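Trainee: Following is a predicted model, sequence given first.
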Amino acid sequence: MHLRLIKMNTIDKTYLPYRPCVGIALFNKDGHVFVGERIDTPGAWQMPQGGIDESEDIEVATLRELKEEIGTNNIEILKIADEKICYDLPHELLEKLWNGQYRGQEQTWVAARYLGTDEDIALDADARPEFSNWQWVPLEKTIDLIVPFKQDTYRKVIDIFKGVVI
């Protein structure tokens, strides 16, 4: 059970934990990464990511999240970041996401090489699709597509994976 304090109908996030999460920088043969446009936030793009289930390791979570979000997990893992990256949700999203149980996410980022074809990608493979559209972009360009509260996270991801050999 998570402790949370309510002040004037808002959650005080300082007492909330971070949600364990995996983020995936999925590189194609041209060295570009996959980004999807969120169904619930048109115009907001992100790399695949999602919660790590209890007793699930990073590799298994990576494969599961890719299968759920893009319909394929035909990949080779290239690097798992040594450091975890945390971000806080803006106050207006605290009560809307994860039933107000988390202040944000603590992400372990994975760089992976995509071994499939564009035709293998199916955003509607899961009963609850997250993306409405997708594209391949240079890793450095992701910073221009992501929502502002995740930009520092993406700057760190770019720095961690800028030397990954595809």
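Mentor: Nice, I can see it.

Trainee: Just the endpoints, please. Distance across stretch 37-45?
Mentor: Stretch 37-45 stretches 4 Å from its first residue to its last (CA to CA, to the nearest Å).

Trainee: Give me the buried positions along that stretch.
Mentor: Residues of stretch 37-45 classed as buried by neighbour count (16 or more other CB atoms under 10 Å): E37, W45. (Each C-beta comes from the backbone N, C-alpha and C, glycine too.)

Trainee: Can you name the residues in contact with it?
Mentor: 35-36, 46, 129-135, 142, 145-147 (CB atoms under 8 Å, 6 or more residues apart in numbering).

Trainee: out of these, who's nearest Q105?
Mentor: Set against Q105, the nearest of the contacts of stretch 37-45 by CB to CB is Q46 (11.6 Å).

Trainee: The closest one touches I146, doesn't it?
Mentor: Yes - here Q46 lies in contact with I146, judged by CB atoms under 8 Å, at a distance of 5.8 Å.

Trainee: Tell me which of these two has more neighbours.
Mentor: Q46 (22 against 19; other CB atoms under 10 Å).

Trainee: so what's the more buried one up against?
Mentor: Per CB under 8 Å, 6+ apart, neighbours of Q46: V35, G36, R38, T142, L145, I146, V147, K150.

Trainee: Tell me where this structure has helices.
Mentor: Per DSSP state H, the chain carries helices over the ranges 58-70, 91-94, 142-145, 151-161.

Trainee: Make a markdown table out of those and add mean pLDDT and mean neighbour count.
Mentor: Formatted as a markdown table, the helices of the chain follow (pLDDT from 0 to 100; neighbours: other CB atoms under 10 Å):
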| stretch | mean pLDDT | mean neighbour count |
| --- | --- | --- |
| helix 58-70 | 98 | 20 |
| helix 91-94 | 74 | 14 |
| helix 142-145 | 96 | 16 |
| helix 151-161 | 97 | 17 |
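
Trainee: out of the ones you listed, which comes closest to I121?
Mentor: Of the helices of the chain, nearest to I121 by CB to CB is helix 58-70, at 5.1 Å.

Trainee: Give me the contact list for that closest one.
Mentor: 22, 24, 26, 34, 36, 48-53, 56, 72-73, 75, 77, 80, 108, 110, 112, 121-123, 125-126, 129-131, 134.
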